[in-house]
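Engineer: mind folding the following:
(one chain, ligands or ions: 1)
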Amino acid sequence: MSLISKAPIFKPFTLALIQLGGISANKADNLKHAREKILKAATNPAKPQVVVLPECFNSPYGHVHFPNYAEDIEYVPGKPYDVAQSKSESVKMLSSAAKEAGVWLIGGSIPEREAVSDKLYNTCTVYNPQGDLIAMHRKVHLFDIDIPGKITFKESETLTGGTSLNFFDTDFARIGLGICYDVRFPEMAMIAARDGCHMLIYPGAFNLTTGPLHWELLQRGRALDNQIYMSMCSPARDMRSNYHAWGHSMVVDPMGKVLSEAGHDEEITYTDIVPKVFEETRAAIPVTKQRRFDVYPDVSA
Ligand SMILES: NC(=O)CC(=O)C(=O)O
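Structural biologist: Numbers count the residues shown, from 1 in each chain. I've put the predicted structure just below:
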């Protein structure tokens, strides 16, 4: 018997992706700017129910910065979390912004320091419209790449990979979480889909080498393989920073069609998520019912 609870009935909703610009070395400025954009997104005539920030929105992106910006969150899954007692100023801001805006908020990611182990993680926190912290995801797969002459990046110099897969339920959908490089690991998306997720949302920050080649391809691949909605939310590109984010925050439908795509400057996109497409795709191309676990193993089992 599966321990996974029944997913909520999938209903239409609107998703806002905040492709945040101007992320600087000043954390207070980053938090203030993110808060303004959350409230701006929520008051848009599109009336989004879910608002998303990008990966590493409160600090410059780079392993050397993580220790200096890391915050102690102390969230225990399944246990109530008292935001008023939180040691994390980013959690406090995100919680109050979600409450004021009255939206589900996927708070991008921030560097986290777990006090008991002194380990650092790249961590996404999620809030309901009452401002409660209801889910957390620590980037499972660390971004360690070396493309000669192009880009070398080693998150594992300072970070530890998370050890759990995570999703959360709203009143209208089950949403799976990942962060950036996690999208390269199809098993994670496959397991989320088999666990009943209707959509995957990954804050991310691809770069000018992998972005043009892989950003869209990976999202369309994950969407199509699993017949699921898929979205990634990037920071805006800043050529004065050390890491040049690709931008192009995106939403893809279960047929693999790109529904919205930002440019590379600061921008907020609004996209309607429609259950009909999810259901029609699965009915028309019944791969979800044609798996041959007598021939190959079920990685989600
Ligand atoms: N920044 C990341 O985690 C991932 C990335 O840029 C890539 O996979 O390419």
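Engineer: contacting residues around the residue of the stretch 1-150 of the chain found nearest the ligand?
Structural biologist: In the stretch 1-150 of the chain, no residue comes nearer to the ligand than Phe143, which is 3.3 Å away by CB to the nearest ligand atom. No exception for glycine: its C-beta is placed from N, CA and C like everyone else's. Residues in contact with Phe143, defined by CB atoms under 8 Å, 6 or more residues apart in numbering, are 153-155, 180-181.
Engineer: leaving out chain neighbours, which residue sits closest to the spatially most central residue of the chain?
Structural biologist: Nearest to the geometric centre of the chain sits Tyr202, at 2.6 Å (CA atoms, centre = their mean). Spatial nearest neighbour of Tyr202, excluding adjacent residues (CB to CB, 6 or more residues apart in numbering): Gly178 at 4.2 Å.
Engineer: could you check how far the one you found is from Gly247?
Structural biologist: 19 Å (CB to CB, to the nearest Å).
Engineer: same question, Glu71
Structural biologist: For Glu71, the distance to Gly247 - CB to CB - is 26 Å.
Engineer: the two: who's more crowded?
Structural biologist: Gly247 (26 against 20; other CB atoms under 10 Å).
Engineer: helix or strand for the more buried one, just tell me which one.
Structural biologist: Using DSSP states H and E, Gly247 maps to neither a helix nor a strand.
Engineer: that one contacts Arg237, doesn't it?
Structural biologist: Yes - the criterion here is CB atoms under 8 Å, and Gly247 meets it with Arg237 at 4.9 Å.
Engineer: so what sits against both of these two?
Structural biologist: Common neighbours of Gly247 and Arg237 (CB under 8 Å, 6+ apart) are 264-265.
Engineer: give the contact list for Leu142.
Structural biologist: So, once contact is read as CB under 8 Å, 6+ apart, Leu142 ends up touching 122, 155-156, 159-161, 181.
Engineer: identify the residue spatially nearest to it, adjacent ones excluded.
Structural biologist: Leu142's closest residue in space is Glu155 (CB to CB, 6+ apart), at 4.1 Å.
Engineer: follow-up on the earlier one: distance of the residue of the stretch 1-150 of the chain closest to the ligand from Val103?
Structural biologist: From Phe143 to Val103 the distance is 28 Å (CB to CB).
Engineer: let me know the secondary structure of the closest residue to Arg35 other than its chain neighbours.
Structural biologist: In this structure, Arg35 finds its nearest non-sequential neighbour in Ala97, 4.8 Å apart by CB to CB, 6+ apart. Three-state call for Ala97 (DSSP: H, G, I helix; E, B strand; the rest coil): helix.
Engineer: near the ligand, which residues of the stretch 151-300 of the chain?
Structural biologist: Remark: the part of the stretch 151-300 of the chain in contact with the ligand comprises 180-181, 184, 205-207, 210, 214, using CB under 6 Å from any ligand atom.
Engineer: please, a PyMOL command that selects the buried ones among the residues you listed?
Structural biologist: Typed into PyMOL, the line below selects the buried ones among these, using 16 or more other CB atoms under 10 Å:
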select buried, resi 180+181+184+205+206+207+210
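Engineer: show me the residues of the stretch 151-300 of the chain next to the ligand that map onto helices.
Structural biologist: Judged by DSSP state H, these include Thr210 as members of helices.
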